[in-house]
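In: Turn this into a structure:
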Amino acid sequence: MTCDPVLVCRGVTKRYGRHTALDRLDLELRRGEVVGLLGPNGAGKTTLIRMILGLGFPTAGAITVFGEDLFRRRRQILRQVGAVVEAPAFYDYLSGLENLRRLVALTAPVDEARLAEGLDAVGLTAAARRRVGTYSYGMKQRLGIAQALLPDTRLLILDEPANGLDPHGIAGIRRLIRQLAESKRMAVLVSSHLLGEIEQVCDRVAILHHGTCLAQAGVDEIRAREARLEVDVAATEAALRALADRSGATQLSLGGESGQGTLLYRPPGDVPGRVRVLAAAGADILRVQVHRETLEDVFLRLTRTEHDDVRIDAF
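Out: Sure thing, here's the model as predicted:
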């Protein structure tokens, strides 16, 4: 993967009167990379996407695309930026191919070979001459992505691309996004509320809340931040404390039953190595378990507010 960033946001701030929609946001997106943009409603995701598409201006900060200032060369830059930000709308009485012909004619001329390539990229070659009115919702989503790929897209922005799809459709969109990033070396920015899908398809994620970026890292890295190893052992209290010191446990919890306890390691570190140290010290190991957070766990923890705890007895 090249280190040259396709998209760079530095200190991007957007204010509407006294309301700050984005506050000093930094974000980078590289070629061949899929980055997930996460956040509750009102977090600032749509505001950011609109600015990247040249539909709004930051109050402060800078956005560069392909190494150039977006707002100085907006027209030239946006010719290489594709986006699907709402449910795609097409003429139902026209074929998928004819829809693409008419829509791209509004922006830049594209020859038939390039149209066919766009349809093939999203798996719609066999349905190219069928009326769009006969397409499933998932096929229309893919046709929208085909339109966004034309004429020569290097940066693709997708807002809720799997919204309204069944599991097969969601899996198809996931495969398509990975294929575009890996085989076409395209930079892809995905905004979605489907955290499980983001976890599977993205290389990195940025979590926004009230206009602020709370976390930005690789998916595995962000999940590993709260990972821990728990080892239940049978030993006297004195022996448990000695085992904790010898094996580098960060915390010791005494069990409810005499002679049992749990050694806690955060981060887990070398799990087999820790187990070997305990076994060599004569510990009777009852259970070994590594706990790793899902992306949903991290998201909910970072964005939780005092209003999020629902009282079941209120119903």
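
In: Select the longest helix from this protein.
Out: Looking across the chain with DSSP state H, the single longest helix is helix 167-183.

In: What are the contacting residues of it?
Out: Taking CB atoms under 8 Å, 6 or more residues apart in numbering as the criterion, the residues outside helix 167-183 that touch it are 32-34, 121-123, 136-138, 141-142, 145, 149, 156, 158, 161-162, 165, 186-188, 190, 194, 197, 200-201, 203. In this view, the C-beta of every residue, glycine as well, is placed from N, C-alpha and C.

In: and this structure, what are its domains?
Out: 5-223, 227-291 (automatic domain parsing).

In: Quick one: residues contacting Arg15.
Out: 21, 59.

In: Who does the host helix or strand of it pair with, and is each partner parallel or antiparallel?
Out: Using DSSP states H and E, Arg15 sits in strand 5-16. Using DSSP bridges, strand 5-16 pairs in its sheet with strand 19-30 (antiparallel), strand 60-65 (antiparallel).

In: any idea where the helices of the protein begin and end?
Out: 45-52, 74-78, 96-104, 112-121, 137-148, 167-183, 195-201, 219-224, 237-247, 271-280, 295-303.

In: For stretch 121-140, buried residues please.
Out: 121-122, 124, 127-128, 131-132, 135, 138-140 (16 or more other CB atoms under 10 Å).

In: quick one: which of those is nearest to Thr303?
Out: Gly138 (29.1 Å; CB to CB).

In: what's the spacing between the residue lying closest to the closest one once chain neighbours are set aside and Val271?
Out: Excluding its sequence neighbours, the residue lying closest to Gly138 (CB to CB, 6 or more residues apart in numbering) is Gly169, at 3.4 Å. According to CB to CB, to the nearest Å, Gly169 and Val271 sit 38 Å apart.

In: cool, and Thr64?
Out: 43 Å.

In: which one of the two has more residues nearby?
Out: Thr64 (19 against 14; other CB atoms under 10 Å).
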